[in-house]
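Peer 1: Need the 3D shape of this:
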Amino acid sequence: MFLMDAHNDTPYRMYFEGGNLSENNFQNSIQKQKGFRTLLFYAIFMDPEKLKKFPSPRAYFDTLYDYFVKELSQNKESVEWVTDASTFTKSQKQQAILTVEGGSLIKSVEAVDYLWSKKIKILTLTWNDSNLLGSSAMSGDAGGLTPLGRQVVQKMNSLGMISDLSHASDKTFWDVMKVSEKPVLVSHSNARSLCNHPRNITDEMFRALMENGGTLGINFYPSFLEDEPQKADLESIFHHIEHFLELGGENHIGFGSDFDGVDALPKGITDFSSFSKIIKEMERRNYPKNLIEKICYKNMMRILS
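Peer 2: Numbers count the residues shown, from 1 in each chain. I've put the predicted structure just below:
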């Protein structure tokens with residue numbers, strides 16, 4: 001089965017905790033992907049706390065980036081580093097796309113060119129902290145997209161870099177929707193109408209995402225699945241999948257697990273290998289084969305084309 005996952009924090013966890021991509025005790029590894037042909041979005045997470053230990057955000061990014069690129073090189077027999085999905089269903093290797101989570105290193109439009117030169121395909125504009133690009137969902141700041149943020153989104157459009165609106169405040173989300181002429185990504189968020197968390201998106205926002213041609217990745221973090229996180233399980237994941245399907249989202253949802261970026265998972269989900277349970281559950285629910293393929297990879301492939 002082909003499978004794309006729009007958000008993994010494995011590079012961050014590997015750098016700060018030690019370990020390798022091939023086999024580790026984390027939530028994601030090449031070994032845990034066994035049985036799938038994968039294209040994973042690997043995030044260079046700009047952690048505000050860890051940033052304080054580096055001379056600059058650029059130095060932090062370069063350090064984690066170089067570390068993970070070296071890891072990809074050491075596993076090049078198993079993993080191919082790509083910038084789009086054109087070879088996904090043809091390659092015999094697992095595939096990797098590099099992204100940046102948090103725009104704190106963007107101080108000017110020219111910084112986007114730097115990321116593009118590093119083969120960064122996707123930029124999550126904010127993390128939990130607001131920055132020079134816009135306000136975040138968790139900051140309580142309602143400022144929305146800044147003038148620089150507007151210029152950055154336009155620059156990203158011109159290059160083909162994708163704006164990721166997970167972590168964005170509602171105002172930032174709507175501002176980007178007015179500015180972006182290209183499909184956007186909400187890489188790892190769920191339905192706010194089912195779980196009332198600011199990191200999730202409203203039904204109105206999802207309808208706008210569909211109109212934009214974008215895609216959302218279902219997040220497995222219990223706090224984004226259930227108002228009472230301890231109750232989160234496989235059924236919780238399907239509540240969100242089926243809610244978005246009811247809104248007409250057959251062509252606009254995929255997965256954004258947040259593996260290696262979360263400290264808890266739903267009951268029955270342990271690591272990347274648990275995707276096999278999710279696919280079996282789709283089959284048990286009599287999802288048509290084409291719908292399973294859309295959710296597993298085709299909808300993410302579209303925005304990467």
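Peer 1: CA atoms for contacts and neighbours, from now on please.
Peer 2: Fine.
Peer 1: Which strand or helix spans the nearest residue to I295 once chain neighbours are set aside?
Peer 2: Distance criterion C-alpha to C-alpha, 6 or more residues apart in numbering; nearest residue to I295, sequence neighbours excluded, is G254 at 4.4 Å. Using DSSP states H and E, G254 sits within strand 253-255.
Peer 1: Which positions within the next helix or strand after that strand qualify as buried?
Peer 2: Downstream of strand 253-255, the next assigned helix or strand under DSSP H and E is helix 275-284. Residues of helix 275-284 classed as buried by neighbour count (16 or more other C-alpha atoms under 10 Å): F275, I278, I279, M282.
Peer 1: and after helix 275-284, which helix or strand comes next?
Peer 2: helix 289-293.
Peer 1: looking only at pLDDT, what's the mean for that following helix?
Peer 2: For helix 289-293, the mean pLDDT works out to 98.
Peer 1: Give me the residues contacting that helix.
Peer 2: Applying C-alpha atoms under 8 Å, 6 or more residues apart in numbering, the contact partners of helix 289-293 are F2, E250, I279, M282.
Peer 1: What sits closest to S78 if chain neighbours are left out?
Peer 2: K93 (5.4 Å).
Peer 1: ok, now which ones touch the one you found?
Peer 2: So K93 contacts R37, E77, S78, V79, E80 (C-alpha under 8 Å, 6+ apart).
Peer 1: how does it look with 10 Å?
Peer 2: R37, T38, L39, K76, E77, S78, V79, E80, W81, T87 (C-alpha atoms under 10 Å, 6 or more residues apart in numbering).
Peer 1: sorry, back to before: wait, isn't the residue nearest to I295 in contact with I241?
Peer 2: Yes - G254 lies in contact with I241 (C-alpha atoms under 10 Å); the separation is 8.6 Å.
Peer 1: So which of those two has more stuff around it?
Peer 2: G254 (31 against 21; other C-alpha atoms under 10 Å).
Peer 1: Tell me if E80 really is in a strand.
Peer 2: Yes - per DSSP: H, G, I helix; E, B strand; the rest coil, E80 lies within a strand segment.
Peer 1: per-residue confidence at the closest residue to it other than its chain neighbours?
Peer 2: Nearest non-adjacent residue to E80, counting by C-alpha to C-alpha, 6+ apart: Q95, 4.7 Å away. At Q95, the model reports a pLDDT of 98.
Peer 1: Backbone dihedrals for Q95, both of them.
Peer 2: phi -130, psi 150 (degrees, to the nearest 10).
Peer 1: ok, it - how many residues close by?
Peer 2: Neighbour number of Q95 under other C-alpha under 10 Å is 24.
Peer 1: What of F16?
Peer 2: 10.
Peer 1: The stretch 1-150 of the chain: strands as residue ranges?
Peer 2: Assigned by DSSP state E, counting those that start in this stretch, the stretch 1-150 of the chain shows strands spanning 2-8, 37-45, 79-81, 94-101, 120-124.
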